[in-house]
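Undergrad: Need coordinates for the following:
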Amino acid sequence: MGLNARAAPGVEHRAELAVESACHLADAVTPTAWSVAAAEDALDAIDVLATALSGISPETAGALAAVAAATAEARRRLGLPADAKTAAPGKPGVPAAGTGQPAAPGKLPRPRARQRGLGPGYQGISTGL
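TA: Numbers count the residues shown, from 1 in each chain. Next up is the predicted model:
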């Protein structure tokens with residue numbers, strides 16, 4: 001499957017933000033700068049992006065299966081718990097994030113806590129003072 005000339009609304013912007021965030025993180029870290037939570041978050045981000053890209057085509061999913069295997073191995077070597085996420089339903093060839101193994105068909109992905117912000121246009125609370 002080929003890629004579209006134009007991405008769906010918001011996709012290019014979010015992909016650009018992801019790469020900018022990854023670059024800022026790479027610039028900020030040293031081998032001793034990592035915590036357990038930071039390493040888990042970074043590995044989760046890699047898994048989430050690989051899973052999202054795997055939805056492009058079965059060929060892309062096959063190519064990115066190595067990413068899930070690599071993050072699972074990194075978790076093992078760092079002594080981090082294995083992630084129990086599964087791929088999207090109906091995509092048995094897509095690796096389960098963090099496990100390096102294909103997800104069982106029909107399993108629902110573990111919901112990720114949605115981050116909440118104040119959103120655009122936030123103006124604060126008027127206290128009447």
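Undergrad: what residues does stretch 23-33 touch?
TA: Ala42 (Cβ atoms under 8 Å, 6 or more residues apart in numbering). All C-beta spots, glycine's among them, are computed from the backbone N, C-alpha and C.
Undergrad: distance between the ends of that stretch?
TA: With Cα to Cα, to the nearest Å as the measure, the ends of stretch 23-33 fall 15 Å from one another.
Undergrad: For that stretch, what does the pLDDT average out to?
TA: Mean pLDDT, stretch 23-33: 92.
Undergrad: in it, what counts as buried?
TA: Residues of stretch 23-33 include none that count as buried (16 or more other Cβ atoms under 10 Å).
Undergrad: Name the single longest helix found in the chain.
TA: Looking across the chain with DSSP state H, the single longest helix is helix 58-78.
Undergrad: other SSEs contacting that one?
TA: Judged by 3 or more Cβ pairs under 8 Å, 6 or more residues apart in numbering; DSSP states H and E, the packing partners of helix 58-78 are helix 36-54.
Undergrad: Can you tell me which helices and strands the helix it packs on packs against?
TA: When contacts are defined as 3+ Cβ pairs under 8 Å, 6+ apart, helix 36-54 packs onto helix 11-28, helix 58-78.
Undergrad: Format those as TSV; extra columns: distance to Ser35.
TA: Output for the helices and strands packed on helix 36-54, formatted as TSV (distance: least, Cβ to Cβ, whole Å):
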stretch	distance to Ser35
helix 11-28	13
helix 58-78	11
